[in-house]
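Engineer: sharing a sequence plus its predicted fold:
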Amino acid sequence: MAAPTDTSAYWNQPVMRSAPAAASAGNISGGMIVAGAGLIASYGAAQAQLAAGIQQQTGYLLQARDNLAVAEVRAEMSDQYAQIQAGRMLKKAQVEAQNYQIAGNQLLKNLRATNATARARAAASGVAFGEGSAAAIQRENVQATMFDVGIADLNALTARVLGFEDASAMIQSTDYQNFLNVFAAQRQAGQYTQAGKAARQQAGLLAGATLTRGAIEFAQTGYRS
């Protein structure tokens with residue numbers, strides 16, 4: 001009977017991995033690390049795109065607010081200037097009307113003086129100043145003077161009316177122009193707001209696409225490993 005063979009030395013020998021298997025495990029681990037780093041980079045890029053979209057939207061909103069505020073300030077200042085100019089027009093018309101009234105009063109004063117002189121001369125000559133040529137001269141003086149006084153009164157009234165109309169037209173024109181300017185600023189502000197909203201949405205889409213691409217690349221690396 002043959003002696004049993006001692007196999008303990010064989011089983012106690014260390015098991016050695018083959019070089020290709022160890023290299024493959026190292027490549028898999030390195031690939032996962034690179035894929036993970038790529039996923040993190042994709043996440044960072046996505047967040048950066050979101051931040052850029054938010055910043056761009058904020059810029060559009062600020063621009064809209066500033067344009068609208070400037071338009072409102074300009075409208076207010078334009079209205080104040082129109083009120084001042086209208087007041088000057090009314091004052092000028094009032095002064096002009098008063099000058100016409102003063103001229104009319106001066107005509108009446110001159111009429112009284114002229115007729116008084118005519119009566120004095122008639123009395124000095126022994127002529128009845130209420131009759132004949134002396135009365136006719138006075139009537140002619142009165143008619144001519146009252147015609148001039150009527151014209152002066154008409155000019156005074158015209159000055160007032162035209163001054164009021166000019167002032168009213170200036171105020172109305174200014175109000176209408178201010179309305180158009182503010183409306184245009186509001187439209188532009190709305191466009192800026194829409195542009196900011198679109199920029200924010202576009203940034204969100206780009207960020208989602210970037211993150212999705214990073215996740216797909218990470219999943220493909222894990223599947224290949």
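Structural biologist: Yep, it's here. All values reported here derive from a predicted model rather than from experimental measurement.

Engineer: tell me, how many neighbours does S168 end up with?
Structural biologist: 13 (other C-beta atoms under 10 Å). For every residue, glycine as well, the C-beta is placed using N, CA and C.

Engineer: for the helix of greatest length in the chain, name the packing helices and strands.
Structural biologist: For the chain, the helix with the greatest residue count under DSSP state H is helix 19-124. Using 3 or more C-beta pairs under 8 Å, 6 or more residues apart in numbering; DSSP states H and E, the elements in contact with helix 19-124 are helix 132-224.

Engineer: run through this structure and note the low-pLDDT ranges.
Structural biologist: 1-39, 127-131, 218, 220-225 (pLDDT under 70).

Engineer: pull out the buried positions in stretch 74-81.
Structural biologist: A75 (16 or more other C-beta atoms under 10 Å).

Engineer: before we move on, back to that, could you tell me how far the longest helix of the chain lies from the centre of the chain?
Structural biologist: 5 Å (C-alpha atoms, centre = their mean, to the nearest Å).

Engineer: could you check the angle helix 132-224 makes with that helix?
Structural biologist: Angle of helix 19-124 versus helix 132-224, following axes from the mean of the first three to the mean of the last three C-alpha atoms, to 10 degrees, is 180 degrees.

Engineer: state the distance from Q191 to R200.
Structural biologist: Applying C-beta to C-beta, to the nearest Å, the value for Q191 to R200 is 15 Å.

Engineer: between the two, which is the more surrounded one?
Structural biologist: R200 (18 against 13).

Engineer: hang on, isn't that one packed against A51?
Structural biologist: No - contact between R200 and A51 fails when scored by C-beta atoms under 8 Å: they sit 10.9 Å apart.

Engineer: what sits against T114?
Structural biologist: Residues near T114 by C-beta atoms under 8 Å, 6 or more residues apart in numbering: N141.

Engineer: if I look at it, how far off is E96?
Structural biologist: As judged by C-beta to C-beta, T114 and E96 stand 27 Å apart.

Engineer: what's the burial count for T117?
Structural biologist: T117 has 11 nearby residues by other C-beta under 10 Å.

Engineer: nope, G104 is what I meant
Structural biologist: Using other C-beta under 10 Å, G104 is surrounded by 21 other residues.

Engineer: can you count the residues close to L205?
Structural biologist: Close neighbours of L205, defined as other C-beta under 10 Å, add up to 11.

Engineer: likewise for T174?
Structural biologist: Neighbour count for T174, taken as other C-beta under 10 Å: 19.

Engineer: for D166, which non-adjacent residue is closest in space?
Structural biologist: The shortest distance from D166 to any non-neighbouring residue, by C-beta to C-beta, 6 or more residues apart in numbering, is to M89 (5.1 Å).
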